[in-house]
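*Asks:* Need coordinates for the below:
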Amino acid sequence: MIQELPLRDRKKAATRRALSDAAVRLARTLGIDCVTADAIASDAGVSTRTFHNYFPSKEEAILFRFETEVTQWVQQLRERPAEEPIWDSLETVVVGIVMDPERDLTDTFAVMALVEDSPALLARQLELQGRVNRIFGEAIAERTGTDVERDLYPNLLQMAAGAACKAAIDLWMQGTSDYANPGELVTEAFRQLRAGIPQPPLPTQH
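*Replies:* A predicted model of the protein is given here:
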């Protein structure tokens with residue numbers, strides 16, 4: 001049985017999410033360099049002091065959504081059946097991410113672009129990525145009986161799954177793919193990973 005958080009904690013979580021959403025929204029509209037803590041607080045309908053109670057910087061506010069979502073994805077992985085092969089579990093979780101009707105892939109892609117264009121965001125994202133890789137690796141290690149400290153397998157697998165997700169989103173957002181939806185792209189990415197990413201046959205020359 002899932003225990004509901006106390007009202008005070010739910011309100012704090014909602015405020016934190018509202019501030020993060022406002023930071024992302026303003027950064028997309030104005031550019032990260034033009035966004036201030038005052039502007040984020042105003043957009044979210046709270047005081048600047050409240051903003052600083054939740055986040056030390058605008059960069060942390062922007063990246064908060066990503067860290068929260070990764071925590072949710074790790075929980076989804078841990079909830080998969082113990083007897084299910086790890087590749088199947090990872091594919092199911094990633095397909096669920098890209099096919100989530102409440103997720104706007106355009107928004108996800110925009111945040112990725114913000115990170116790549118901002119040295120300050122990129123530096124913090126690299127720190128965050130290290131923490132994220134660790135918790136994902138630990139979850140995979142638990143499922144596979146390996147050790148994230150000593151074994152290559154859980155570390156390699158979580159990197160491969162992340163790359164498959166990013167490659168599928170990138171290609172889908174370009175609008176040049178022949179696949180019907182991003183979930184099909186993820187499924188194909190995992191099929192190729194399972195097969196060792198074989199080289200496609202060379203085109204026939206006439």
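
*Asks:* where does residue 102 fall, phi/psi-wise?
*Replies:* phi -90, psi 0 (degrees, to the nearest 10).

*Asks:* Likewise for residue 151?
*Replies:* For residue 151, the backbone dihedrals (degrees, to the nearest 10) come out as phi -100, psi 140.

*Asks:* how close does it sit to residue 144?
*Replies:* Separation of residue 151 from residue 144 (Cβ to Cβ, to the nearest Å) stands at 9 Å. From N, CA and C alone the C-beta is placed, and that goes for glycine too.

*Asks:* go on, residue 137?
*Replies:* Distance of residue 137 to residue 144, given as Cβ to Cβ: 10 Å.

*Asks:* intersection of neighbour lists for the two?
*Replies:* Here residue 137 and residue 144 share the contacting residues residue 154, scored by Cβ atoms under 8 Å, 6 or more residues apart in numbering.

*Asks:* quick one, which of the two is more surrounded?
*Replies:* residue 137 (23 against 14; other Cβ atoms under 10 Å).

*Asks:* sec struct for the more buried one, please.
*Replies:* For residue 137, the assignment made with DSSP: H, G, I helix; E, B strand; the rest coil gives helix.

*Asks:* who touches it in this structure?
*Replies:* Listed by Cβ under 8 Å, 6+ apart, the contact set of residue 137 reads 148, 154-155, 158.
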